[in-house]
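Enquirer: got a predicted structure here, sequence first:
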Amino acid sequence: MATTVIPFGPQHPVLPEPVHLTLKVEDEIVKEAIPALGYVHRGLEKLAEIRDYHQMITVCERVCGICSMIHGTCYSQSIEELMGIEVPARAEMLRVIWSELHRMHSHLLWLGLFADAFGFEALFMQFWKVRERIMDINEATAGSRVIVSVNIIGGVRTDLSPDQLRWILSELEIVEKEVREMQDTIMNDYSVKARTVGVGYMSKDDAYILGAAGPTLRGSGVASDMRMLGYGAYSELDFEPVIETSGDCWARSAVRFREVGQSIDLVRQAISKLPEGDLAAKVKGNPPEGEVYMRVEQPRGECVYYIRGNGTKHLDRLRIRTPTFANIPPLLHMLPGCELADVPVIVLAIDPCISCTER
Amino acid sequence: MLFTPTVIKNLLKKPATRNYPFVVREPFPNFRGELVIDIEKCIFCGMCERKCPSQCITVDKQAGTWQCDPHACISCGYCRDNCPTKCLTMNDTHRKPMAAKVTWIEQGTPPKPKAKKAAAEKKTDEE
Ligand code: SF4
Ligand code: SF4
């Protein structure tokens, strides 16, 4: 059988992200996939040399257009650890609230895009309709839909009033109800299952060895969630990693779907446990010499920040490893052997965020 | 098939989307929109210039000008939060699209007290 080479991306109707895959196809079956990255490299890490460490929060928030809040939190936490700043308990809890709102809207966005990948337009619209409520919460509480920009070194800069907290809870009530309505469709519908069950299988050991992250890893049955490390206020909240064991695209979507519910629950817990107190600690001086390694859980998986301070207001080095980067080797493992028509589903199942991979 | 009830419900309900641009949603009160400066209150301290992460503000104390590149502004609001005289505010609407690149320059009165202060300092020195 002759081999055909099919270029997939960086511009592709089903793939909103600029990743290029060279697919070697034999008789509609993918034999090999070779990735090419680097289409949207922006050099954000280098900016640490000309922006001071406060201004870098704004830059880090723009690493990813979807989980901006969690990037900002991770960066602030690493600077706080380097400088030995004690963050007020209220600020940490508020960070959890916005982080979980971000996780929710990121997963809803992905569930919509995933539905779009197998051609279920109506479900796509429905998920995005629900997501709009969360975007409204972000906008009303923090001032912007996506880049909420609430983190500052030492805490947060926006407070939530009791009225706003009540409003968030009532909105979440509606979100939960609307998401529940779609549970049957995304998990049990015949046509959805036909496109996802058994597609892009990865065993538990493979997922672990290849270093998968986030729902891709948990979909294969590995209970690894960086929030379990208890950074920020997560140590005070009660939750467990969501896992599925079938290791296919269905499992990954089920993990994300159930995580939406988990996030709603976490926001509720955080609101009920929200302590009174200051919003931010006073920050004096520059980060001292030294290095810090910080891991947080993003919607797409584990995100790692490495920073090295040199005693000036600029950082020596800022290094970001995003979850999609970790998920590319598993993707290349899943693609060979699948049908060409399943490629978009498998690629989307890792929730690729190429812009943050390339920064 | 399992999606049918939702589809039927949606058919019977009002549309979820707005007929933009004819119907525009009320902005939320805290929205970080367009930056506005009350130049009369500005003391040209340059705090906004130092805090701005996109470095789009230039303050000239001598000439009494406050200058901003609105295209580079990311509406983060750090300048507003750090302005000592609270002369920067943000309104709750987006900046309108522009057809040409502009630099936004505000001419204010350069601070006079500087001379006075210097004189006052001299006096204390002499004492
Ligand atoms: S921080 Fe405020 S007072 Fe100072 S220069 Fe800027 S606008 Fe003027
Ligand atoms: S809102 Fe942010 S980007 Fe815009 S001028 Fe102020 S500090 Fe600079």
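Expert: That came through, no problem. Numbering: from 1, shown residues only, chains lettered A, B, ... in the order given. Ligands and ions are numbered 1, 2, ... in the order given.
Enquirer: need the contact list for the residue nearest the centre of chain B.
Expert: Geometric centre of chain B, nearest residue: residue B:35, 2.1 Å, by C-alpha atoms, centre = their mean. Taking C-beta atoms under 8 Å, 6 or more residues apart in numbering or on different chains as the criterion, residue B:35 is in contact with B:68, B:70, B:73, B:75, B:79-80, B:88-90. Quick note: C-beta positions are derived from backbone N, CA and C, even for glycine.
Enquirer: out of those, which is nearest to chain A?
Expert: The shortest approach to chain A among these belongs to residue B:75, at 7.1 Å (C-beta to the nearest C-beta).
Enquirer: next one: phi and psi at the residue lying closest to that closest one once chain neighbours are set aside?
Expert: Nearest non-adjacent residue to residue B:75, counting by C-beta to C-beta, 6 or more residues apart in numbering or on different chains: residue B:32, 4.7 Å away. Here is the backbone geometry of residue B:32 (degrees, to the nearest 10): phi -90, psi 100.
Enquirer: strands of chain A, start to end?
Expert: Under the criterion DSSP state E, strands of chain A are mapped to A:4-8, A:20-26, A:29-36, A:151-152, A:155-156, A:290-298, A:301-309, A:315-321.
Enquirer: now distance to residue A:84, mean pLDDT and mean neighbour count too, for these, in a markdown table please.
Expert: Output for the strands of chain A, formatted as a markdown table (distance: least, C-beta to C-beta, whole Å; pLDDT from 0 to 100; neighbours: other C-beta atoms under 10 Å in any protein chain shown):
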| stretch | distance to residue A:84 | mean pLDDT | mean neighbour count |
| --- | --- | --- | --- |
| strand A:4-8 | 48 | 84 | 13 |
| strand A:20-26 | 44 | 85 | 17 |
| strand A:29-36 | 41 | 84 | 16 |
| strand A:151-152 | 17 | 86 | 25 |
| strand A:155-156 | 15 | 85 | 26 |
| strand A:290-298 | 10 | 86 | 19 |
| strand A:301-309 | 12 | 87 | 22 |
| strand A:315-321 | 16 | 84 | 19 |
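Enquirer: which one of those lies closest to ligand 1?
Expert: Ligand 1 sits nearest to strand A:151-152 of all these, at 16.9 Å, using C-beta to the nearest ligand atom.
Enquirer: partner strands of the closest one, parallel or antiparallel?
Expert: Here strand A:151-152 has these sheet partners by DSSP bridges: strand A:155-156 (antiparallel).
Enquirer: can you list contacts of the partner strand?
Expert: A:87-88, A:91, A:94-95, A:150, A:278-281.
Enquirer: give me the ChimeraX select line for those, limited to the buried ones.
Expert: Per 16 or more other C-beta atoms under 10 Å in any protein chain shown, the buried members of the contacts of strand A:155-156 correspond to this ChimeraX selection:
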select /A:87,88,91,94,95,150,279,280,281
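Enquirer: coming back round to it: can you name the residues bridging to the residue nearest to the centre of chain B?
Expert: Following DSSP bridges, residue B:35 is listed with bridge partners residue B:90.
Enquirer: so how far is ligand 2 from it?
Expert: 5 Å (C-beta to the nearest ligand atom, to the nearest Å).
Enquirer: about what we covered before: pipe the strands of chain A into JSON lines and attach distance to residue A:109 per row.
Expert: Output for these, formatted as JSON lines (distance: least, C-beta to C-beta, whole Å):
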{"stretch": "strand A:4-8", "distance to residue A:109": "22"}
{"stretch": "strand A:20-26", "distance to residue A:109": "22"}
{"stretch": "strand A:29-36", "distance to residue A:109": "23"}
{"stretch": "strand A:151-152", "distance to residue A:109": "21"}
{"stretch": "strand A:155-156", "distance to residue A:109": "24"}
{"stretch": "strand A:290-298", "distance to residue A:109": "13"}
{"stretch": "strand A:301-309", "distance to residue A:109": "16"}
{"stretch": "strand A:315-321", "distance to residue A:109": "21"}
